[in-house]
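Asker: sequence and predicted structure are below.
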Amino acid sequence: MSTPPAPGSRARWIRLAALVLLLALAAGSAAFWDPRTVIAAVPAGWRAPAFAGLFALGTLAFLPKPALSVAAGLLFGARWGVPVAVAGTTLGAAIAFGLGRGLGQQALRPLLRGRALTALDRQLTERGFRSVLLLRLVPGVPFQVVNIGAALCGVRLGPYLAGTALGVLPATAAYAVAGASADRPGSPAFLVSTAAVLLFGAAGLAAAWRGRRTQAAPAA
């Protein structure tokens with residue numbers, strides 16, 4: 001006869017299932033609301049914090065973060081669009097971290113085995129700020145993968161949020177400024193920000209290509 005799972009083990013997997021369900025619901029909800037319509041219904045003085053909250057929910061719904069940053073620039077200009085986009089990104093990262101730490105860590109942390117995963121866990125735990133900062137700066141690293149991965153490791157919330165806010169600043173600023181200056185395609189702001197966006201995109205493609213080459217090398 002098989003041994004029934006312990007009550008504590010069952011509770012951990014129930015929390016993990018709840019995490020997956022919440023992320024799935026967030027992703028599905030993106031089809032039913034339009035940020036522009038929501039922002040238009042908010043009083044002018046509250047639109048910036050309201051958009052930061054919508055930005056955070058958008059990251060949970062797996063909406064493209066560059067598109068959200070461009071929208072921030074279009075709505076608020078470069079002066080306010082950049083801080084609003086960074087605030088929304090950091091808030092979304094904090095929510096995802098809290099969900100992952102509270103609902104998924106106990107179930108998934110025992111699966112962090114193997115030399116590479118153990119080294120990553122130790123790096124995030126012992127050098128949380130620097131590790132998160134580098135992961136946010138590297139193009140092509142999925143935003144939510146870093147959120148959930150950090151939640152499963154031992155990194156503390158403070159260094160995680162600080163590394164996130166600083167790490168996402170360059171790319172977020174480039175996208176927001178591009179959105180803010182889109183009506184002036186010949187302006188220096190638009191040209192410089194567009195060049196930065198293309199550079200980030202090229203770096204992301206190069207990182208993805210190197211990753212595929214690395215994975216294919218052992219098979220060869």
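Answerer: Perfect, I can see it now.

Asker: hey, where'd the helices end up in this structure?
Answerer: Along the chain, the segments classed as helices by DSSP state H run 7-29, 35-40, 47-60, 65-99, 105-108, 115-126, 128-137, 143-152, 157-180, 188-219.

Asker: could you tell me the least trusted of these?
Answerer: If you rank the helices of the chain by mean pLDDT, helix 105-108 sits at the bottom with a mean of 58.

Asker: pretty sure Thr194 sits against Ala180.
Answerer: No. Thr194 sits out of contact with Ala180 when judged by Cβ atoms under 8 Å, with a separation of 11.9 Å. Placement of C-beta: from N, CA and C, glycine included.

Asker: so the two - more neighbours on which side?
Answerer: Neighbour comparison, Thr194 and Ala180: the larger count goes to Ala180, with 25 against 17 (by other Cβ atoms under 10 Å).

Asker: residues in contact with the more buried one?
Answerer: Remark: with contacts taken as Cβ atoms under 8 Å, 6 or more residues apart in numbering, Ala180 is in contact with Gly73, Leu74, Phe76, Gly77, Ala78, Gly81, Ala189.

Asker: which of these are buried?
Answerer: Buried by 16 or more other Cβ atoms under 10 Å: Gly73, Leu74, Phe76, Gly77, Ala78, Gly81, out of the contacts of Ala180.

Asker: pull the most distant pair out of these.
Answerer: Checking the buried ones among the contacts of Ala180 against each other with Cβ to Cβ, the farthest-apart pair comes out as Leu74 and Ala78, at 10.5 Å.

Asker: count the neighbours of Arg156 for me.
Answerer: 11.

Asker: gap between the spatially closest residue to Gly163 that is not a sequence neighbour and Pro159?
Answerer: In space, and not counting its chain neighbours, Gly163 is closest to Val132: 3.1 Å by Cβ to Cβ, 6 or more residues apart in numbering. Between Val132 and Pro159 the computed distance is 7 Å (Cβ to Cβ, to the nearest Å).

Asker: looking at these two now, which is surrounded by more residues?
Answerer: When Val132 and Pro159 are compared on other Cβ under 10 Å, the one with more neighbours turns out to be Val132, at 27 against 18.

Asker: farthest-apart pair in the contacts of Ala180, please.
Answerer: By the measure Cβ to Cβ, these have their two most distant members at Phe76 and Ala189, which lie 14.5 Å apart.

Asker: thinking again about what came up before, residues contacting the residue nearest to Gly163?
Answerer: Residues in contact with Val132 (Cβ under 8 Å, 6+ apart) are Leu124, Val146, Ala150, Val155, Pro159, Tyr160, Gly163, Thr164, Gly167.

Asker: of all these, which comes closest to Leu91?
Answerer: Proximity to Leu91 was ranked across the contacts of Val132 by Cβ to Cβ; first place goes to Thr164, at 9.9 Å.

Asker: report how many residues lie close to that closest one.
Answerer: Applying other Cβ under 10 Å, we find 27 other residues in the vicinity of Thr164.

Asker: does it touch Thr89 like I think?
Answerer: Yes. Counting by Cβ under 8 Å, Thr164 touches Thr89, with 7.1 Å between them.

Asker: count the residues that sit near Ser131.
Answerer: When neighbours are defined as other Cβ under 10 Å, Ser131 has 22 of them.

Asker: and it, how close does it get to Leu152?
Answerer: Ser131 sits 13 Å away from Leu152, going by Cβ to Cβ.
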